[in-house]
Each structure stands twice: as C-alpha cells, then as structure tokens.
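> Provide a 3D model corresponding to the input given below.
(one chain, ligands or ions: 1)
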Amino acid sequence: MATPPQVRCVLACYALLALCSLALVSGQQQNWTFQHGVASGDPLPDRVVLWTRVTWAGAAAPPSDNVELAVEVATSQDFSGELKNYKVTCTSAADWTCKLDAAGLAPAVKYYYRFTAPGGVVSPAGRFHLPYPKGDARQGRVRLAVFSCSNWGWGYFHAYGVAARYELDAWVHLGDFIYEYGPDDYPNAAARQAVRGGLQPAHEILTLADYRQRYALYRTDPSLQALSASTPTIAIWDDHETANNAWKDGFPDAPASQANITDTRRAAGVQAWHEWLPVRPSGGVAAGPSAYSELAINRTMHFGSTLSLFLTEDRLQARSSPPYVNGALYSSAGALGGAVGGVDPSKWGPAEEAKVLAVKAQTDAFAGDPNRTILGKPQVAWLKQQNDDSAAAGVTWQLFAVTTIMQDILPDPSGAVAAAKASGDTANADFWGAVWANCSSSDATVVNGTPTNAAGIHLYSTACYRRPYVGANLKFNLSDRTPGSPTGYGAFAGVVGSCRLLEASARYKVILDFDAWQGFRAERDQLLDIAAESNNAVFIAGDSHVFWASVLKKANGEVVAAEFDVSSVSSVGFEEIFPFMPVDLLAASLVAGGGFRGGLRYANTDRKGFIYLAIDGEKQHADYIGIDDHCTPAGINSSFCMAGFDRFTSLERAKRGLPNDLLRTSCLSEAERVSGTVTAAPSYARAGCSSYNGAKPTVFAFASGSTQVLAEAPRGQSYSVEQCAAAAHAAGTRLFALNPSRTRCLGSKKTSTRKQGLRAGASCSGAGRVQFYKLSRK
Ligand SMILES: [Fe+2]
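Have a look, this model is predicted:
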C-alpha cells in the first residue's frame, strides 16, 4: 500500500522512537511489535481508554496467550515530567488488542502516552486531554471533528489525515468504520471502480476472524493512525460494522444462504468492534432482556458547561425491519418507476397521478407507522433523561449523535430550476432546465457542452471515482428508455426512469429511503420533542455519504434544532446514483425539495471529508471540509472548506436579533483550526529541520520550543505546509514555522537549510516569508 506523504513526518518521529527502543530489546520478546498504532477514547474528566494492538512477529507461536504491557502517561512529550504508570494485559482471546481505562487523570492537561512490550519495544506515542465535568464553566470552547463511512476500496482516508493536524478535543465517528463487502462489491474491482486494492480478507466478512482481519487492515492506514494518536476517539457503529442495512433481527441484503448465521455474524461484528475501537465497555441501556449487553453502546460524553454529547445505538438493539410487501423488500423507487417510468412527465394525467398517490399511500403508511422504531422505548427514555439532566445542569449545548440523517430528502430538480429563475440566475435556470427536460423526456435532445463518454452520454459528476464510468462500464445510458431495464443500477431503472421517479417523488412528496429517520417519523417526532426541551439542540449524523446542513422543525413549524450531517471519508455518494445530473443542479434540487418541513439549507453530494465543529457558549460553528482528491495518495495535499455555518444559542439569537435558523458564514482560517488560537511568536529562533526538494523547496520545519529536532523529512520528498504542520501537531509540537505562500520553505531562522543548499529566492529568514507560530489554546 502506498503511504500518503502527509504522515511520513509522523512516521519518521515514530521511527526514531522505535530505533531508540530497539537498542533495549533482547531475546525473543523483541518479536512483539506495534503495527496498528495507538488510540485513546471515551474521554471522561478523570480517565480515558487507551488502546493499542500487539502483533507477534516471531516465526514460532507467541510464548503465551497473553502479554502484559507497561503503559506510561506523562505530561511531557519526552516522558520526563510527571509520569503515571499502568499495566494492561493483551490476550489472544481479544485478538491481541489491548484496552486500558486509565484513571487518576485531570481535565485540560495535555497528556502523552505509550505502551512498552516485554523486551522493550515501544509503541508510537499518542496524546489527549480530558474534558471538565458536566456543567463546569472552565471548559470553554470544544472542538470536534465528525466522520462517517470509511471504505477501504473507495479511496484514501485523507479526511482523517487532514483532521489529525487540527486542534481537537475529540473526533467522532458516526459509523461505517469498516465495510463488510468483498472485493467485487462496493466498489467492484472488476468494473474498475475500486480505488484502493489489497482488501483483506478478500471476501465478504462473515466470521469473527474475518471481521478482525478487516479491522487490522483498516488500522494500517497511516491517516487513521495519525488521527487516532492525536486526540481521543468517540465512536458508534452504523450498519456496516455488521452488515448492510442491519436491523435488530437481521441483515436484509444478505443472501438467503447466510440467514442461518445472522446471530453469530452479528456477535462477531460486535465483538470485533469492541476489540478494535477504544470504547469503554458498555455503559448504556439495553433494549430488553434478550439484548446483548455489548449492544448498549449508547452513552453520554460531557464537555463541561459547553456541551453534552449523546451517542445513540441505532441498529442492533431495537431497529424495526425494513419494509416488506408480500415477503419482498419494498422499494418506493422501484414502485414509482413502475408507476410512471414509462410516461413523459409532460403527459402525466389522472391515471399516472393515481398510481403515484397509491405508492405514496404505502410509503406514508410505512414511514408513519407509530410502531416503527430505531432506538426503542428504553433508549428514547434514556435519551430524554440525559437531555433533561444536561439542560438542568446548565450545559449550553445538547448534541445528539445519530447514525442516519434526521432530515427528509426529496430532490426537486424542477423546483431548483424555478428557484434559479426566480432569483435571476437565468444561466443556471436555462441550463438546468434543459438538462432536466432532456433527462425525463421521451423526445429529449442531448445537451451539449458537458463531459461525455465514448458513447456520447453526458456525465456530470466531478468526483474522481467517476472515472470507471467512462466507456464500457457506464451504468446509465440515455438511450435506455425502458423502465426496469437491466442496464439500470440498483433500485433505479435507467436514466430516464430515474429522472421520472425523482420528478414524481418531488411533486407528490414520496420518500425514497426508509433506512434513515424519514422512514421512522413517529419516533423522529419524539426526538424532536426531546430536543425542544434542550437548552440548545444540535444533531449530527452520517450514513448518507452527502454533506447536509439543516434546521429541524416540529410539525407545527417550530425550529427545535440544527443538524450538521457529514459526508463519507471515502465511500461513494450521490455522484454514483445520479451521475447524469450536474452536481450543482443535484444540490440545488435537494435544497429546493427541502424535506417535508422545509428545513434543508445546504447539500454537497459528491465530496468526501469531515465536519469541524467549534462550540462555545455563544454558538456552534461548523466548517464543512472537503478533500480535493481521495483517489490518489497525493490528494492529501489539498483540502478546503466548502461552507461554514453558525448556529447561535437562543440567548444570543435574542440578543442579536437573529432568526431561529442556521447562518451561512465564512469558514474559520486554516490556522485557527490547527491551533485554536495562534499567537505569532517571532522571538522563537529555532524551528526544527527541513528537507529540500530540488528546485522547489516545499518542506517544512517544526520544533517543540526547545532546540531539539523532532524529525527530519527525507531528502527528495516534497511536503506542503499543511503536511508539516500536521506532523508538528501530531507530534505534540507547540511551535511551528509556516510560510503562507506555501511555495517556499523553510526551516528556521537559525537552523537554516544551509546544509541542504537552499537556493536563492527561497530564503529562510527573509522577513515576511517565514513566520513562527506558537500554538496555544484559549
Ligand atoms: Fe456508509
């Protein structure tokens, strides 16, 4: 596997540590190695879960079925300061994963930790700091990075690597940490969809050994290792940690031949998740006497008076089955396609309307069924109690973490065209109108000026994954006008049929997806009632592989919460389902549809990335961070903020006369995300090492405030400022040098790059070229 360059600086640091420790190693015990990084998780004011995994590298079997590691937690990066010592036992029964709930710690102290195996082999170092107790006003601003849906085959985990350089109190994974598929499914290697090969095991995972092997593969990803080491993990699972569209009694998409292993497969997925994630053993509320206790992963993390984070279990304890009709899994898309897919929307009459309304009657009945549940009554009651307690303690924000999105999704392309026209955007109105008419009409003509494949089919999606669709592997074909044609993809039947069912969905508000909360309206309204009792409620969700920003409304129109939904780390998004629609038309269509209650404010349907949340006593700010290219290792060099949103507290809204809604704002600066508060400190004279890449010195330097060089990038490697800042951050460095232009490097004032032959025009010490920043937290 190619190693993204962003973390090579970090790995260099780790390599130095490993070299030092190797000198101490003796005998057979040196065969214990650390290949999967370290992680902390579930931070409480006085403790945190510390995690690693040991791998036996010897030719013979390990000397025992368990091994004890020494664990050091220190307040200095070189472990010379205040030091706490712990022990943890790793066993073969737990797949040699090691988990310690390290107690006796204090909030707001920067800690470093590492593991030492018998023989002296030392793990990479990680770091964390802990929150203040619930209601404690010393907490101040909280920074979280939110992720979902990391699929090995669909791309590189650059989103993790970018976030690893930011100043965070924790990172939150909302599920689909792994995917269960084999190499020919999601993505399909044979169809050249796969971005990254080497999937292990090379088949769909079914057994405990399979799940463990898949986690072990994912945990070799350097970006995941960098983020895991840099700040505590807070994780919940979605469906793919077991199997697609999991519900409490099964996996609807699993073939019948696997039905007899549902229970053992679920147990395997759950066990491996607990082994490979730094999650504290269950502290939640089990849904019933038959539930596994390991399933009760619902829990609350408090961050002083700023924030309470409620983590829900959405899949395996209580979730109702997907809808079935006559024993078959019901698809509203298929039903709509059958109803109107063969008729041009311009010719729809009472007969077509009656068919659509019949489908709508079924979808509304499913979605509105008061017995359909995601959380189940015990967990809803628990959530209400947690919310009430947090609000009563004066905590400013109640943050609800769910896996699937709360907002309704109803794409309305005709509405987007009308909105563009109404706003005076005639260029888009004309173009989108032509595209949409072309897409759904039997008499369509091709819209020119957009990318086409060899067959002349227009492809609008701009995501890098789209390359496999060029040529013979194209899934959609405008010439395919037969609803239900086998050339259609998934639930959709050809481009024209897809466009027509979307049109029908938008006109008559027929939902297309029963897996998200829009398929559980009664329980969703219960959650909105709970949120209405919060001091200030916000929801975060993942699963959809699309970025969304919304406000959530009760049936009476009252806005009771904001919702920030994160796209995937790598999994393919709507660009796969709707490659025939320009991405801006698709996004505008979704906003125009707006859900049943008109709360959707933003959509980005094809970018991968994460959401950076900066939360304080006045507002939650959300930066939507996109990755330019998740399909090549070099893509980590380029990330950008696509949109920023503020959600002010009710008190601030009243003070400032603001509407009860999201505010679209500018993004935080990169420097602010990296450091929180950046204080220029030109008096620092030393700043680490650098390397030099021929005529384009792009490397970076960093130091710890001492004269020690922490890591030196190899010659010939090119590093961006962001990469080196990330390395500095991952290493716990409090000082780094930064060249705002990105094009010249640099080193420090004193360590200059003389020995590397810095060239004219790339002066290291020129005023204004290199600035030194001291990182400090507010
Ligand atoms: Fe996913």
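> check whether whichever residue of the stretch 301-450 of the chain sits closest to the ion sits in a helix, strand or coil.
As assessed by Cβ to the ion, the ion sits closest to Thr403 within the stretch 301-450 of the chain, at 9.0 Å. The way it works is simple: take the backbone N, C-alpha and C, and place the C-beta from them, glycine included. Under DSSP: H, G, I helix; E, B strand; the rest coil, Thr403 falls in the coil class.
> that one against Ser544, yeah?
No: between Thr403 and Ser544 there is no contact under Cβ atoms under 8 Å: 10.0 Å.
> shared neighbours, those two?
Common neighbours of Thr403 and Ser544, counting by Cβ atoms under 8 Å, 6 or more residues apart in numbering, are absent.
> and Asp515, how far from Arg372?
Applying Cβ to Cβ, to the nearest Å, the value for Asp515 to Arg372 is 12 Å.
> same thing with Thr75?
Distance, Thr75 to Arg372, by Cβ to Cβ: 50 Å.
> neighbour-wise, which of the two wins?
Between Thr75 and Arg372, counted using other Cβ atoms under 10 Å, Arg372 has the larger neighbour count: 19 against 16.
> quick one: residues contacting that one.
Ser320, Phe366, Gly519, Phe520, Ala522, Glu523.
> one more time with 7 Å, if that's ok
Contacts here follow Cβ atoms under 7 Å, 6 or more residues apart in numbering; on that basis Arg372 touches Ser320, Phe520, Ala522.
> got it, and Val38?
By Cβ under 7 Å, 6+ apart, the residues touching Val38 are Trp51, Thr52, Phe115, Ser123, Pro124, Gly126, Ser228, Ala229.
> where is the longest helix in the protein?
helix 350-368 (DSSP state H).
> same for the following helix or strand past that helix, what does it pack against?
Sequence order places helix 377-392 as the next helix or strand after helix 350-368, per DSSP states H and E. Where contact means 3 or more Cβ pairs under 7 Å, 6 or more residues apart in numbering; DSSP states H and E, helix 377-392 is packed against strand 307-311, strand 397-401, helix 521-532.
> include mean neighbour count, mean pLDDT and distance to the ion when you put these into TSV, please.
TSV is the format used below for the helices and strands packed on helix 377-392 (neighbours: other Cβ atoms under 10 Å; pLDDT from 0 to 100; distance: least, Cβ to the ion, whole Å):
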stretch	mean neighbour count	mean pLDDT	distance to the ion
strand 307-311	25	98	17
strand 397-401	27	98	15
helix 521-532	19	98	20
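> return the residues of the chain in contact with the ion.
Listed as neighbours of the ion in the chain under the rule Cβ under 5 Å from the ion: Cys149, Asp176, Ser571.
> of those residues, buried ones?
Buried subset of the residues of the chain next to the ion (neighbour count, 16 or more other Cβ atoms under 10 Å): Cys149, Asp176, Ser571.
> for Gly622, what is the enclosing helix or strand?
Small correction: residue 622 is Ala, not Gly. Short version: Ala622 belongs to strand 619-627, going by DSSP H and E.
> which residues touch the following helix or strand past that strand?
Going down the chain from strand 619-627, the next helix or strand is strand 639-648, by DSSP H and E. Outside strand 639-648, the residues that touch it by Cβ under 7 Å, 6+ apart are 162, 538, 549, 562, 602, 604, 607, 609, 618-628, 656, 658, 662-668.
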